[in-house]
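Peer 1: Have a look; sequence and predicted model below, questions after that.
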Amino acid sequence: MEQHPNATVPEQPLNFRRTSDFRRAYANNIQFESSIWDLVMVFGQVIQNPPDAPGKMIVDQHTAITISWPEVKLLKHYLEVAILGHEAEDGRIPLSPRALPEALPTDEQRPDMLAMHTTINRMRLDLLNKSVPEFVAPPAVPED
């Protein structure tokens, strides 16, 4: 009997194994590069006053991971779940106000992007409210 190409395949449990080149690395800096197909996360570590550049802060980038956009959405979900669990056990994770993203300015040349900018800035305020103990959000600005 021929199987329809869209027929569901019975779920198989995933088995995990680590390759011979598996490694762990510490990162305290992530840069993002995106395309229509995927997101690249470039991990690095901030080095203060490195011997080869005294008085400077350098990010030594060491690993890039590329994931598809559907996987990015799943990653967002699992990161939020992990944060909720951690904060339920150990309390709020504080962030330094200096580490938080800047508010996005409105691009006057792209009025079609206003809704996206508004959403991103609301997300930033939400992050501030949840992460910076002394932060008090300004009153909401009514939408036009």
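Peer 2: Great, that's in hand. Note that the coordinates shown come from a computational prediction; the quantities given were computed from them, not determined experimentally.
Peer 1: Kindly state the domain boundaries assigned to the protein.
Peer 2: 23-77, 94-135 (automatic domain parsing).
Peer 1: Could you tell me the least trusted of the ones you listed?
Peer 2: When the domains of the chain are compared by mean pLDDT, domain 94-135 comes last with a mean of 79.
Peer 1: For this structure, just list every one of the helices.
Peer 2: Along the chain, counting by DSSP state H, helices occupy 69-90, 114-131.
Peer 1: So which of the ones you listed is nearest Gln48?
Peer 2: Nearest of these to Gln48, taken as C-beta to C-beta: helix 114-131 at 22.7 Å. Where C-beta positions appear, they are placed from N, C-alpha and C, glycine not excepted.
Peer 1: centre of the chain versus that closest one, how much separation?
Peer 2: Its chain's average C-alpha position is 14 Å from that of helix 114-131, according to C-alpha atoms, centre = their mean, to the nearest Å.
Peer 1: Just the C-alphas of it, formatted as PDB.
Peer 2: The C-alpha trace of helix 114-131 is given here as PDB (Å, rounded to 0.1, in the frame of the first residue of the first chain):
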ATOM      1  CA  LEU A 114       6.000  51.600  13.800                       C
ATOM      2  CA  ALA A 115       4.000  48.700  15.200                       C
ATOM      3  CA  MET A 116       7.100  46.500  15.300                       C
ATOM      4  CA  HIS A 117       9.100  49.200  17.000                       C
ATOM      5  CA  THR A 118       6.300  49.800  19.500                       C
ATOM      6  CA  THR A 119       6.200  46.000  20.300                       C
ATOM      7  CA  ILE A 120      10.000  45.800  20.700                       C
ATOM      8  CA  ASN A 121      10.100  48.800  23.000                       C
ATOM      9  CA  ARG A 122       7.200  47.300  25.100                       C
ATOM     10  CA  MET A 123       9.200  44.000  25.300                       C
ATOM     11  CA  ARG A 124      12.200  46.100  26.600                       C
ATOM     12  CA  LEU A 125      10.100  47.800  29.300                       C
ATOM     13  CA  ASP A 126       8.800  44.300  30.300                       C
ATOM     14  CA  LEU A 127      12.400  43.100  30.600                       C
ATOM     15  CA  LEU A 128      13.300  46.200  32.700                       C
ATOM     16  CA  ASN A 129      10.300  45.600  35.000                       C
ATOM     17  CA  LYS A 130      11.200  42.000  35.500                       C
ATOM     18  CA  SER A 131      14.900  42.300  35.800                       C
END
